[in-house]
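In: below is the structure, and that's it, no one-letter string:
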Ligand code: SAM
């Protein structure tokens, strides 16, 4: 094994071709910082048709992934010492940035992707955590898995051109990031704020802090519930109360 290993159990390995054209992940694969090992569920299917799904007991619509192929695929994966298994499921815990940070300290993540109506209940015990990427239902766990691979990879040392870009990023704390501008100074009558042009770094820093709080108040007040004591220091500033 080299670098960080993502092992994905999926019925649609081709869905992961996307990661070969996805900036940070592609560069990290090229630099051997990560490996994405795809375990095709079909190869562990049963009988000459390599059956992986069946009708649900008790009746009802759709097909359910059988437990045997998932167990076989899972048991064929070499586990490292710092490994966790994640089950993609709309019934799971909502994915947060802090989860990605936590997992980026591991050296292997095994991801099980469901399909169709879902999976046999008896595979749930393979997972350390059951994760949902939002309160909506997709047709399979592949896009959720790619989201996790992407989100964890960009936190690994050496994967980003400038690790500083993670510092003030939205969801790194309970604040959203400040607005960004680049050239030209005026675009269709929309001007870059003067403070960003005048080169006074103290003032720029102060402006950005204010913008982070303003944005969060406007868009995601709910995030401020988890305001940390460090962030609470903002309340000591007069300008905070004018926002
Ligand atoms: N019948 C299931 C239910 O109502 O809970 C939904 C099955 S869904 C159509 C098929 C698979 O897609 C799931 O087993 C899961 O792996 C994946 N999936 C769908 N939505 C997801 C989400 N929001 N987060 C994570 N995985 C999801």
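Out: That came through, no problem. Values in this document were obtained by computation on a predicted structure and should not be read as measured data.
In: okay, CA-based contacts and neighbour counts for the rest of this
Out: Will do.
In: care to break the protein down by domain?
Out: Following the assignment in automatic domain parsing, the chain carries domains at 4-153, 167-241.
In: now tabulate those domains in TSV and tack on distance to the ligand, mean neighbour count and mean pLDDT.
Out: Putting those into TSV (distance: least, CA to the nearest ligand atom, whole Å; neighbours: other CA atoms under 10 Å; pLDDT from 0 to 100) gives the following:
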stretch	distance to the ligand	mean neighbour count	mean pLDDT
domain 4-153	3	17	97
domain 167-241	19	13	87
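In: reformat the ones you listed as CSV; add distance to residue 160.
Out: Output for the domains of the chain, formatted as CSV (distance: least, CA to CA, whole Å):
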stretch, distance to residue 160
domain 4-153, 7
domain 167-241, 12
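In: right, so of those domains, which gets closest to residue 161?
Out: domain 4-153 (9.0 Å; CA to CA).
In: the domains of the chain: which one's closest to residue 159?
Out: domain 4-153 (5.7 Å).
In: okay, how far is it across that closest one, tip to tip?
Out: The first residue of domain 4-153 is 8 Å away from its last residue (CA to CA, to the nearest Å).
In: and for stretch 63-70?
Out: Using CA to CA, the two ends of stretch 63-70 sit 15 Å apart.
In: which residues does that stretch contact?
Out: 9, 41-42, 44-46, 52-56, 114-120, 122-123 (CA atoms under 8 Å, 6 or more residues apart in numbering).
In: now do stretch 51-58
Out: By CA under 8 Å, 6+ apart, stretch 51-58 touches 41, 42, 44, 45, 46, 62, 63, 64, 65, 66, 69.
In: mind checking which of these land in strands?
Out: 64, 65 (DSSP state E).
In: may I ask which two of the contacts of stretch 51-58 are separated the most?
Out: Among those, 44 and 62 lie farthest apart (CA to CA), at 20.8 Å.
In: the strand ranked longest in the chain pairs with which strands, and in what direction?
Out: In terms of residue count, the longest strand belonging to the chain (DSSP E) is strand 83-94. Paired with strand 83-94 in the same sheet, following DSSP bridges, are strand 108-112 (parallel), strand 129-132 (parallel).
In: ok, then the element right after that strand?
Out: Next along the chain after strand 83-94, taking DSSP states H and E as the criterion, comes helix 97-103.
In: off-centre distance for that next one?
Out: Offset of helix 97-103 from its chain centre (CA atoms, centre = their mean, to the nearest Å): 8 Å.
In: show me what that helix is packed against.
Out: helix 142-153 (3 or more CA pairs under 8 Å, 6 or more residues apart in numbering; DSSP states H and E).
In: which residues are contacting the helix it packs on?
Out: So helix 142-153 is contacted by 6, 8, 10, 12, 15-16, 19, 24-25, 28, 34, 88, 100-101, 103-104, 111, 113, 132-133, 159 (CA under 8 Å, 6+ apart).
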